[in-house]
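Engineer: quick one, structure for this:
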Amino acid sequence: MTRLLQILFACIVIAIITGFVLKSNNPIIGDRVIGVTILFTTFIFMPLFIYHRWKDKKLADYTLTPENFKKMKEMGKKSKQSK
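Structural biologist: A predicted model of the protein is given here:
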């Protein structure tokens with residue numbers, strides 16, 4: 001999955017550069033290449049990237065629940081005591 005994301009990212013960068021180069025000669029085709037690349041990035045690359053990064057993580061570790069508030073308060077008290 002990591003290798004796939006790296007290849008897709010490289011293709012996206014190349015396509016955007018190509019779009020800007022084409023835009024200097026033919027603005028309509030250049031804008032279309034850039035637009036299609038942005039759509040691909042938004043609807044295909046980003047969901048794959050987000051899935052890859054969050055695959056083995058627990059969402060409860062990143063949400064504000066009462067027990068997480070309690071942990072944060074305890075950590076704050078410990079840091080004040082150590083000063």
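Engineer: helices and strands around the top helix by length along the chain, which ones?
Structural biologist: Of all the segments of type helix in the chain, defined by DSSP state H, the longest one is helix 2-25. Using 3 or more Cβ pairs under 8 Å, 6 or more residues apart in numbering; DSSP states H and E as the contact criterion, the neighbours of helix 2-25 among helices and strands are helix 27-40, helix 46-54. The C-beta positions use only the backbone N, C-alpha and C, and glycine is treated the same way.
Engineer: and among these, the most buried is which?
Structural biologist: For the helices and strands packed on helix 2-25, average neighbour numbers computed from mean count of other Cβ atoms under 10 Å are highest in helix 27-40, which has a mean of 14.
Engineer: and the angle from it to helix 2-25?
Structural biologist: Per axes from the mean of the first three to the mean of the last three Cα atoms, to 10 degrees, the angle that helix 27-40 makes with helix 2-25 is 160 degrees.
Engineer: hang on, the earlier thing: could you tell me the angle between the longest helix of the chain and helix 46-54?
Structural biologist: Helix 2-25 runs at 150 degrees relative to helix 46-54, counting by the same axes, to 10 degrees.
Engineer: list of residues touching helix 2-25?
Structural biologist: Residues external to helix 2-25 that are found in contact with it (Cβ atoms under 8 Å, 6 or more residues apart in numbering): 29-34, 36-37, 40-41, 44-45, 48-49, 52.
Engineer: try stretch 32-50
Structural biologist: Where contact means Cβ under 8 Å, 6+ apart, the residues beyond stretch 32-50 that reach it are 1, 4-5, 8-9, 12, 15-16, 18-20, 22-23.
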